[in-house]
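**Q** Sequence and predicted structure are below.
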Amino acid sequence: MIDANQYPTGLTIAGSDSGGGAGMQADIKTMQACKTYSAVVVAGLTAQNTLGVQGAYPTDLAVIDQQFASVMADFDVRAAKTGALFDEARVLQVAKNIRHYQQKNLVVDPVMVAKGGASLLDSAGIAALKNHLLPLATLLTPNLPEAELLADMKISTRDDMVTAGQKIQALGVPNVIVKGGHGEGAVIYDYVLLENEVGFWLEGQKVETSSKHGTGDTLSAAITSFLAQGDSLRKAIEKGHRYMNAIIGQPLVIGHGHGPLNHGQWSDPADEGGKDYEF
Ligand SMILES: Nc1ncnc2c1ncn2[C@@H]1O[C@H](COP(=O)(O)OP(=O)(O)O)[C@@H](O)[C@H]1O
Ligand SMILES: Cc1ncc(COP(=O)(O)OP(=O)(O)O)c(N)n1
């Protein structure tokens with residue numbers, strides 16, 4: 001028998017991707033692969049596939065409240081993450097609930113634009129995220145375009161990534177990863193800046209694949225999983241990065257556009273053991 005201590009609960013507060021590759025579907029698959037149970041607050045529905053987003057339908061505000069109430073009444077949510085939140089009203093409603101339930105270990109993935117170019121957060125939503133959600137976050141995980149917008153600067157070099165990370169931290173979030181997946185070159189560098197620590201780099205060989213829909217969701221969900229399991233933030237980030245590197249090299253060729261990741265099942269080779277179960 002596996003109980004809530006061995007298989008802790010993480011929460012994803014995100015949009016649904018009907019194509020199954022990104023959004024809450026990527027989060028649920030990631031958490032399952034990383035051995036964390038996932039509860040969900042659906043912030044909106046998208047009609048989406050590997051070719052793009054055909055429609056986006058934010059959830060009623062009262063329904064967001066009700067989902068939070070249901071989840072929080074029954075589960076011990078040890079870590080949570082946010083994904084696509086669509087607009088100012090959804091961001092404010094989520095922030096209100098995070099405050100109300102005093103949710104700790106909050107990873108905010110400031111999802112703004114899908115790979116196909118569709119907007120998943122309008123400009124008032126970006127301002128609300130910056131002013132109301134970011135101060136509640138344990139960790140913010142912008143990609144390069146999101147970091148450029150939040151830090152209000154162009155990012156062309158690794159030095160720029162460092163400066164952007166510092167500027168974003170100064171906005172009021174203690175810990176930041178500036179993800180380098182959109183960068184040039186054979187190696188991808190993610191810059192990690194943790195509270196009271198010197199920044200460091202996580203490196204990975206760039207995998208040339210069209211199957212990388214949902215990479216950002218997956219990384220943030222993996223980190224959330226490991227936080228739920230009680231790992232330190234640094235360890236959770238390092239394990240999340242190892243998980244990403246392991247799965248991105250096993251692409252699924254499904255659909256006709258940006259294919260999904262193959263989330264699979266994963267055991268961290270660096271783990272000393274004791275966290276593996278028979279399924
Ligand atoms: N082609 C790739 N090969 C290896 N790792 C990648 C690749 N693309 C992205 N990653 C990794 O996936 C994670 C998400 O990065 P990124 O793609 O920048 O986020 P987003 O999906 O939010 O745009 C990062 O850890 C990054 O290093
Ligand atoms: C519903 C929904 N949420 C988030 C995203 C974007 O996810 P991301 O991990 O940034 O992946 P890409 O879309 O950039 O591949 C999404 N598309 N849909």
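**A** Arrived safely, thanks for sending. Ligands and ions are numbered 1, 2, ... in the order given.

**Q** For the stretch 1-150 of the chain, what lies in contact range of ligand 1?
**A** Asn143 (C-beta under 6 Å from any ligand atom). Heads up, the C-betas are built off the backbone N, CA and C, glycines and all.

**Q** Just give the closest residue to the residue in the stretch 1-150 of the chain positioned nearest to ligand 1, not the sequence neighbours.
**A** Closest contact between the stretch 1-150 of the chain and ligand 1, by C-beta to the nearest ligand atom, is at Asn143 (3.5 Å). Spatial nearest neighbour of Asn143, chain neighbours left out: Lys179 (4.7 Å); criterion: C-beta to C-beta, 6 or more residues apart in numbering.

**Q** Tell me the spacing between the one you found and ligand 2.
**A** 9 Å (C-beta to the nearest ligand atom, to the nearest Å).

**Q** Equivalent analysis for Gln169, please.
**A** Relative to ligand 2, Gln169 is positioned 21 Å away (C-beta to the nearest ligand atom).

**Q** do Leu139 as well
**A** 15 Å.

**Q** Neighbours of that residue, how many?
**A** 26 (other C-beta atoms under 10 Å).

**Q** Tell me who's in contact with it.
**A** Leu106, Val107, Val108, Val173, Pro174, Asn175, Val176, Ile177, Ile223, Leu233, Ile237 (C-beta atoms under 8 Å, 6 or more residues apart in numbering).

**Q** Go ahead and confirm the first one touches Thr138.
**A** Yes - contact between Leu106 and Thr138 holds when scored by C-beta atoms under 8 Å: they sit 5.3 Å apart.

**Q** Not counting sequence-adjacent ones, nearest residue to Asp217?
**A** Distance criterion C-beta to C-beta, 6+ apart; nearest residue to Asp217, sequence neighbours excluded, is Ala26 at 4.1 Å.

**Q** from the contacts of Leu139, which would you call buried?
**A** Those of the contacts of Leu139 that meet the buried threshold are Leu106, Val107, Val108, Val173, Asn175, Val176, Ile177, Ile223, Leu233, Ile237, by 16 or more other C-beta atoms under 10 Å.

**Q** just to revisit the earlier point, the residue nearest to Asp217 - that's part of a helix, no?
**A** Yes - secondary structure of Ala26 (DSSP: H, G, I helix; E, B strand; the rest coil): part of a helix.

**Q** just the helices in the stretch 101-250 of the chain please.
**A** Using DSSP state H, counting those that start in this stretch, the helices assigned to the stretch 101-250 of the chain run over residues 123-128, 144-151, 158-170, 215-228, 233-248.

**Q** Can you list which of the buried ones among the contacts of Leu139 are found in strands?
**A** Taking DSSP state E as the definition of strands, the buried ones among the contacts of Leu139 contribute Leu106, Val107, Val108, Asn175, Val176, Ile177.

**Q** I'd say Asp268 and Gly240 touch.
**A** No - using C-beta under 8 Å, Asp268 makes no contact with Gly240, being 10.0 Å away.

**Q** quick one: what helix or strand has Val71 in it?
**A** helix 61-74 (DSSP states H and E).

**Q** Pull up the residues of the protein that are close to ligand 2.
**A** Near ligand 2, the residues belonging to the chain are 14-15, 17, 22-23, 46, 48, 83-84, 111, 114-115, 120, 213-217, 258 when assessed by C-beta under 6 Å from any ligand atom.

**Q** I'd like the distance from stretch 32-44 to the chain centre, please.
**A** 11 Å (C-alpha atoms, centre = their mean, to the nearest Å).

**Q** where does the stretch 151-279 of the chain have low pLDDT?
**A** Residue ranges of the stretch 151-279 of the chain with pLDDT under 70: 272-279.
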